[in-house]
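**Student:** Predicted structure and sequence below. I'll ask about it afterward.
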Amino acid sequence: MPSFKPTDLWNAEPHTLAKIEIVRRYLYLWFFILGTTTNRLVYIDGFSGPGGYKNSNESSPMAALGAATAALERLPPSTARREWSFYFIEKDPAFASNLDGVIAETSWPSEFTCEVQQGTFDQKLKGILEKVKKLPGSIPPTFAFIDPFGATGVPFAHVAEILKYRSCEVLINLDSDGIGRLVAAAQTIEKNREHLDSIFGDTSWRQLLNADASMPILCAQVLALYKSRLRSLAKINYCFSFAMKSTREALNYHLVFASQHPLGLRKMKEAMKAVDQSGSYSFSDDAVGQGHFNFAEPAEPANRMLKTLGGSWRRWKEFDDFALNESPFGNPKSMLRYLKARGKVEVQWVGTAPKSGFPEDKIRLIKLNR
C-alpha cells in the first residue's frame, strides 16, 4: 500500500477553502432538491486529492459527503430505497489510499456507495459513466466537480459527454492563466497545440485566441471561448463563471458552471453569494463588467441589459436568462427596478397592474426604452 504521512499534506489557500465551501453549499441544495423527486443521484469528483489539508480537514470529497448527509436528514422517508453514488478519481496512488482511509473513518448513511478510483480523470470517467448508464432509467442526475491541478487533464469531449444527459451539471476549475500560457507558447511547441485542441475540443482557439495579447486579455479570451464551447452543446443554456482571486488583481483561475436548467445556476449563485458575504473571499468575472462585482449593485448589469435587450417587447424569460448568464444576479428584478426608476421600463400586465415589483406571473411582455 502506498505510504502517506500527515507531513505530505499542504496548507489550503483561502481560495481553495472558499471553493470547497461553494461546493458544499451548492451540493446541499442539489441533493435536497433533486432528492425530493428522484431516488438515484451521482456525484463525480474528478481530481479528489488526499482528503484534507494541513490547516483543514475539509476537502471536496468530504464536503460532498457531508452536504449529502445533511440533505438526506431533511428529506422525508421514501417508499423506494435511495441510492446516492459517489465516485472519487485520484491519480496519485498514495493520495487515493489516504482518501479511502479518510472516508472510511466516518459511518455514512446506508444509502451512500463510495468508490475511490485510482487513475486519471481521462482514464476513469468513461468507465464510471458506462456504469451509471446501466442503472434503471439510464444515467441519473449527476454533478461533476472537475478541479485539476493545472491547465491540462480535462478533455472537452469528457465534459460534453457528461452534459449531454438530462439533469447533469459540471463545475470546472478552468486555469485560464495556465491555458493562456499554453497559447502563448503554442506557436513553437507542438505539444501545447495538442493540449489546447483537447481542452477546447476543436481547433477554434487557433483563430480566436491572440497569442500576442497581454496575459489579462488572453485569459479573458480563454474564458470567453470556453464558455462559448459549453454553450454550443445541445440544451446547455445556462453557463456562468466566477474568477477566483487571491486579491482583486491576482487571478488564480475561473470556476465555470454549466447546466441545462436555470434553477441550477440560480442555486449556484446563491452559494457564491453566501461565501462572498462571509468576508472570506471575493469573486469577479470578466463577463460581468470591470473587475470585482457586487451582488447588491444593479447599475452596471442593468445598463448592459438595456443595451442588449432594449428597443422591443420581450417575454420575461429573455430577461431572466440575461440575469442568469450575464449578471451576478439570480433574476432580473433588481435591474428592472433600477431601470424603472429611470423611466426605462414599460410592462404589459396580465390583468390589473400590481402596486409594486415585477411578479413574473403577472407579466405578459416587457419593453426597455433606450
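**Tutor:** Cool, the structure landed.
**Student:** gap between the spatially closest residue to residue 136 that is not a sequence neighbour and residue 29?
**Tutor:** Computed as Cβ to Cβ, 6 or more residues apart in numbering, the closest residue to residue 136 that is not its neighbour in sequence is residue 40, at 7.9 Å. Heads up, the C-betas are built off the backbone N, CA and C, glycines and all. The spacing between residue 40 and residue 29, counted by Cβ to Cβ, to the nearest Å, is 18 Å.
**Student:** What of residue 22?
**Tutor:** 11 Å.
**Student:** now residue 75
**Tutor:** In terms of Cβ to Cβ, residue 75 sits 13 Å off from residue 29.
**Student:** can you check residue 91 too?
**Tutor:** 30 Å.
**Student:** re earlier: can you name the residues that contact the residue nearest to residue 136?
**Tutor:** For residue 40, the contacting residues are 82-85, 135-137, 140-141, by Cβ atoms under 8 Å, 6 or more residues apart in numbering.
**Student:** mind listing the strands for this structure?
**Tutor:** For the chain, applying DSSP state E gives strands covering 40-45, 83-90, 112-118, 142-146, 168-174, 238-245, 251-259, 283-284, 313-314, 345-349, 363-368.
**Student:** Export those strands as JSON lines, with columns for mean pLDDT and distance to residue 17.
**Tutor:** As requested, these are exported to JSON lines (pLDDT from 0 to 100; distance: least, Cβ to Cβ, whole Å):
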{"stretch": "strand 40-45", "mean pLDDT": "97", "distance to residue 17": "16"}
{"stretch": "strand 83-90", "mean pLDDT": "97", "distance to residue 17": "19"}
{"stretch": "strand 112-118", "mean pLDDT": "97", "distance to residue 17": "22"}
{"stretch": "strand 142-146", "mean pLDDT": "98", "distance to residue 17": "15"}
{"stretch": "strand 168-174", "mean pLDDT": "96", "distance to residue 17": "14"}
{"stretch": "strand 238-245", "mean pLDDT": "85", "distance to residue 17": "11"}
{"stretch": "strand 251-259", "mean pLDDT": "85", "distance to residue 17": "13"}
{"stretch": "strand 283-284", "mean pLDDT": "56", "distance to residue 17": "14"}
{"stretch": "strand 313-314", "mean pLDDT": "98", "distance to residue 17": "41"}
{"stretch": "strand 345-349", "mean pLDDT": "97", "distance to residue 17": "41"}
{"stretch": "strand 363-368", "mean pLDDT": "97", "distance to residue 17": "40"}
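**Student:** Can I get those strands in JSON lines including distance to residue 16?
**Tutor:** JSON lines is the format used below for the strands of the chain (distance: least, Cβ to Cβ, whole Å):
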{"stretch": "strand 40-45", "distance to residue 16": "14"}
{"stretch": "strand 83-90", "distance to residue 16": "16"}
{"stretch": "strand 112-118", "distance to residue 16": "20"}
{"stretch": "strand 142-146", "distance to residue 16": "13"}
{"stretch": "strand 168-174", "distance to residue 16": "10"}
{"stretch": "strand 238-245", "distance to residue 16": "9"}
{"stretch": "strand 251-259", "distance to residue 16": "9"}
{"stretch": "strand 283-284", "distance to residue 16": "14"}
{"stretch": "strand 313-314", "distance to residue 16": "41"}
{"stretch": "strand 345-349", "distance to residue 16": "42"}
{"stretch": "strand 363-368", "distance to residue 16": "41"}
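**Student:** Out of the ones you listed, flag the one nearest residue 100.
**Tutor:** Closest of the strands of the chain to residue 100 is strand 112-118, at 4.6 Å (criterion: Cβ to Cβ).
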